[in-house]
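Enquirer: Generate coordinates for the sequence data below:
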Amino acid sequence: MTAGPLALVGGDELNPGNEPHDRLLVEAAGGGPAFVLVTAAARHRPELAVANAVRWFGDLGLRVEELPAIRRRDVTSSEVAARARDGRFFYLVGGDPGILPSTLAGTPLWGAVEAAWRDGAALAGSSAGAMALAEWVLVRDRRPGDERRRATAGLGLLPGVAVLPHFETFGHRWIASARDALPEATLLGIDERSAAVWRAGTWRALGPGAVTVIRRGERTSVHDGEIDALPSPGPP
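Expert: I've put the predicted structure just below:
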C-alpha cells in the first residue's frame, strides 16, 4: 500500500491560514480514527494544545482525540500502540524540538504510527513536530535565546534533511549554524501557516507563505507549487 500524505508545517498551526494543507489531511483521514500527539508541548500546557487541535479539526469536519505520547509508559504501551496502528490521521504539534525524537524514537508507539502512515494514514508535524520527522533536528546550542543550533538525530522519515520552521520570522537565522553542523544536508525552510506536503510521490508548497530548499549554496523558494529539489521520504 502507498504511504499517506506527509505534511511539514512551518508553525502557527491550528489557526486560520492553515486550511489548504489541513483540509487535504482531513480528506485523507477518511473519518478517522484521528489523533493529535502533544509530545513536544509536554512542558507547555499540553492540554491546551489538545483543546486547540480538537477545536480546529472539528471545524474542518474531523473528530480528533489525544494519543497519549508524553510519558514513557505511554510510548511503550501495547494498548496505545494498538490504537495508533488503527489510526488514519496523526498530527504532531509544536513545542520543544528535542523532546519528540528522544521520547518517540524506537518505541512501539512510534513504530505503530509510522506503520499506519506507510499504510495510507495522514501524518503531519508543525514546527518542532515537522523538525522531528526529518533525519536531523536542529536544537539550541547553548542558552535560551541562542540562535546557534546543533544537530541531533530525528525520527528519520526524510533522509539528509533538516527542517527550519518559522522561516520568515526567525528560522532563517539558523542557516549559518545549520550549514556548519550539517554541510551536506538539505535545509528545508517553511514559513508559518504554510506546509511542504508530500503526496503520491510529489512535494508541493501549500499555504500563504513559501517553502525554501537550501542545498550546497543553492536556494529555491516555492509559493503554492511543486517542489522539485526535495527528496522523497525514505524506506522503513
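
Enquirer: drop to CA atoms for contacts and neighbour counts, all remaining ones
Expert: Noted.

Enquirer: name the helices or strands packed onto the lowest-mean-pLDDT helix or strand in the chain?
Expert: One helix or strand of the chain scores below all others by mean pLDDT, DSSP states H and E: strand 149-153, with a mean of 85. Secondary-structure packing of strand 149-153 (3 or more C-alpha pairs under 8 Å, 6 or more residues apart in numbering; DSSP states H and E): strand 134-140, helix 175-181.

Enquirer: residues in contact with that strand?
Expert: 101, 135-141, 174, 177-178, 181-182 (C-alpha atoms under 8 Å, 6 or more residues apart in numbering).

Enquirer: which helices and strands does the following helix or strand past that strand pack with?
Expert: Next along the chain after strand 149-153, taking DSSP states H and E as the criterion, comes strand 158-164. Applying 3+ C-alpha pairs under 8 Å, 6+ apart, we find strand 158-164 packed against helix 128-133, strand 134-140, strand 186-190.

Enquirer: Partner strands of strand 158-164, with direction?
Expert: strand 134-140 (parallel), strand 186-190 (parallel) (DSSP bridges).

Enquirer: average model confidence for the last one?
Expert: In this model, strand 186-190 has a mean pLDDT of 97.

Enquirer: ok, back up a step: now neighbour count too, for the contacts of strand 149-153, in a markdown table please.
Expert: Formatted as a markdown table, the contacts of strand 149-153 follow (neighbours: other C-alpha atoms under 10 Å):
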| residue | neighbour count |
| --- | --- |
| Pro101 | 24 |
| Glu135 | 21 |
| Trp136 | 27 |
| Val137 | 28 |
| Leu138 | 25 |
| Val139 | 21 |
| Arg140 | 18 |
| Asp141 | 14 |
| Trp174 | 21 |
| Ser177 | 17 |
| Ala178 | 24 |
| Ala181 | 16 |
| Leu182 | 18 |
